[in-house]
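Undergrad: Generate a structure from the sequence data that follows.
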Amino acid sequence: MDIGNFKSGEFKQQYQYKSFMPTQIEHDWELRDPALILLLSQADMKLGELNAFSELVPDIDFFIMMHVSKEATSSNRIEGTQTNIEEALQRKEYIDPEKRDDWDEVQNYIKAMNEAVTSLAKLPVSSRLLLSVHEIILQGVRGKHKQPGSYRKSQNWIGGASINDAVFIPPHHTDLSKLMTDLEKFLNNESILVPELIRIAIAHYQFETIHPFLDGNGRVGRLLITLYLVSKGILVKPTLYLSAFFEKHKSLYYDNLTRVRTHNDLVQWVRFFLEGVRQISENSIQTFRSIISLRHRCEQKIISLGKKLKTAQAFLNYLYRCPIVDSQLVADTLSIDRSTAIRLIDDFIRLDILQELTGHKRNKIFCFSEYVDLFK
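TA: The predicted structure is shown next:
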């Protein structure tokens, strides 16, 4: 099927309402739109450049956690949470009690991403993996009573106070099994010769249209993108996350998804998706360049610490993974006593690597601000 001739589906009569039944997608696809092909080429090129950086940057795993934290805060903000990346990086006891529910949701997303990436060594991107992700995302937070780890067994809807004035009514729950089976097959059917970025763009649209969960669909659907690209080796490391692009262009994100269903305009959605890949890849490349430069400057600074250099180097490496710390955390991490940790922190403040956040005399928190700012 030419992507330009896509028919998104039809409305299916249910009791007193009509749900949307999407067209199944497990079949061959053709691209004939020259502008779309050009944008695909540009996105692929930038993604390849990002992969090259991810293989060249020493100790890149230090920095992956920051990418995941940024993705978690962006994806959850789309759903209405208010946690920023500085808060996401802090321990729970330092978070304002009124913000801890939001903080928990972000931490669940981080945990879900990390565990899912690890699971890819044994599992394909599949219902089993997505259900596991969903269970973690809703664990102990808002939505915890909405069947975490299970596809919905009742009708849901988007927008409106009730199903009677809903903006969109996804497919009936009795249709979920065949729709999710179709989606899973499409993601893993290697006999379908379609570029992987096009495949995951279509799959993300289809997942959001199916809306298989009572809660957490957006977060799982966005997480699906990175998991798929890692599973297929398109990403060497999980360094590309589109939630920041979707959050920045939130209205366009929802409008373009909706337009597929209302106007059969899959091409416009795929264009938007590919532009997101291109822009975020470029931004991530620039972030890696900035990290390399910052790392060099910081290593030059700590040379002045002389006999403390070995411990300082270990501390600096830890800050790339956990850039907001307190003295006890530093002591525990580096296996040094707390007074030594305090002196080391003071050295890093003097060298303008760390800044104190609270202004308090006790329970001080310190931030590697120049590094955190790269991910804002």
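
Undergrad: Report the helix or strand with the lowest average pLDDT across this structure.
TA: Lowest mean confidence among the helices and strands of the chain (mean pLDDT, DSSP states H and E): helix 61-78, at a mean of 88.

Undergrad: so where do the helices sit in the stretch 201-350 of the chain?
TA: Counting by DSSP state H, counting those that start in this stretch, the stretch 201-350 of the chain has helices at residues 217-231, 243-248, 250-263, 266-302, 309-321, 327-334, 338-350.

Undergrad: Quick one: those as a markdown table, columns for mean pLDDT too.
TA: Shown next, in a markdown table, are the helices of the stretch 201-350 of the chain (pLDDT from 0 to 100):
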| stretch | mean pLDDT |
| --- | --- |
| helix 217-231 | 96 |
| helix 243-248 | 94 |
| helix 250-263 | 97 |
| helix 266-302 | 95 |
| helix 309-321 | 95 |
| helix 327-334 | 96 |
| helix 338-350 | 96 |
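
Undergrad: Please work out which of those helices is packed deepest.
TA: helix 217-231 (a mean of 23; mean count of other C-beta atoms under 10 Å). Just so you know, the C-beta spots here come from the backbone N, C-alpha and C atoms, and that holds for glycine as well.

Undergrad: List of residues touching that one?
TA: Helix 217-231 is contacted from outside by 71, 75-76, 78-79, 109, 112-113, 116-117, 120, 124-125, 129-130, 133-134, 137, 187, 196, 199-200, 203-204, 207-208, 211, 213, 235, 237-238, 240-243, 246, using C-beta atoms under 8 Å, 6 or more residues apart in numbering.

Undergrad: got it, and stretch 185-196?
TA: Residues contacting stretch 185-196 (C-beta under 8 Å, 6+ apart): 25-29, 31, 40, 44, 124-126, 199-200, 202-203, 206, 228-229, 232, 234.

Undergrad: Now find how far off-centre it is within its chain.
TA: Counting by C-alpha atoms, centre = their mean, to the nearest Å, stretch 185-196 is centred 23 Å from the centre of its parent chain.

Undergrad: Let me know the average pLDDT across it.
TA: Summarised as a single mean, pLDDT over stretch 185-196 is 96.

Undergrad: Start at 47, not 1
TA: With 47 as the first residue, the last one maps to stretch 231-242.

Undergrad: Quick check: buried residues in that stretch?
TA: Applying a neighbour-count criterion of 16 or more other C-beta atoms under 10 Å, the buried positions in stretch 231-242 are 232-233, 240-242.

Undergrad: Also stretch 55-66?
TA: 55, 63, 65-66.

Undergrad: What is the end-to-end distance of that stretch?
TA: Distance between the boundary residues of stretch 55-66 (C-alpha to C-alpha, to the nearest Å) amounts to 7 Å.

Undergrad: ditto for stretch 399-406
TA: 19 Å.

Undergrad: Skipping its backbone neighbours, what lies nearest Pro369 in space?
TA: Leaving aside its sequence neighbours, Pro369 sits nearest to Phe414 (C-beta to C-beta, 6 or more residues apart in numbering; 3.8 Å).

Undergrad: isn't Ser178 right up against Val163?
TA: No - the criterion here is C-beta atoms under 8 Å, and Ser178 misses it with Val163 at 12.0 Å.

Undergrad: averaged over its residues, what pLDDT does stretch 162-175 have?
TA: pLDDT averaged over stretch 162-175 gives 95.

Undergrad: Name the residues of that stretch that are buried.
TA: Buried, per 16+ other C-beta under 10 Å, within stretch 162-175: 162-163, 165-166, 171-172, 175.

Undergrad: okay, it in PDB with CA atoms only?
TA: Coordinates of each C-alpha in stretch 162-175 appear next as PDB, following Å, rounded to 0.1, in the frame of the first residue of the first chain:
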ATOM      1  CA  ALA A 162      12.800  -2.700  29.300                       C
ATOM      2  CA  VAL A 163      16.200  -2.000  27.600                       C
ATOM      3  CA  THR A 164      17.800  -4.800  29.600                       C
ATOM      4  CA  SER A 165      14.900  -7.100  28.700                       C
ATOM      5  CA  LEU A 166      15.500  -6.600  25.000                       C
ATOM      6  CA  ALA A 167      18.500  -9.000  25.200                       C
ATOM      7  CA  LYS A 168      15.900 -11.700  25.800                       C
ATOM      8  CA  LEU A 169      12.600 -10.400  24.400                       C
ATOM      9  CA  PRO A 170      11.500  -8.700  21.200                       C
ATOM     10  CA  VAL A 171       9.300  -5.600  21.300                       C
ATOM     11  CA  SER A 172       6.100  -7.400  22.000                       C
ATOM     12  CA  SER A 173       2.900  -7.400  24.100                       C
ATOM     13  CA  ARG A 174       4.800  -9.200  26.900                       C
ATOM     14  CA  LEU A 175       7.400  -6.400  27.000                       C
END
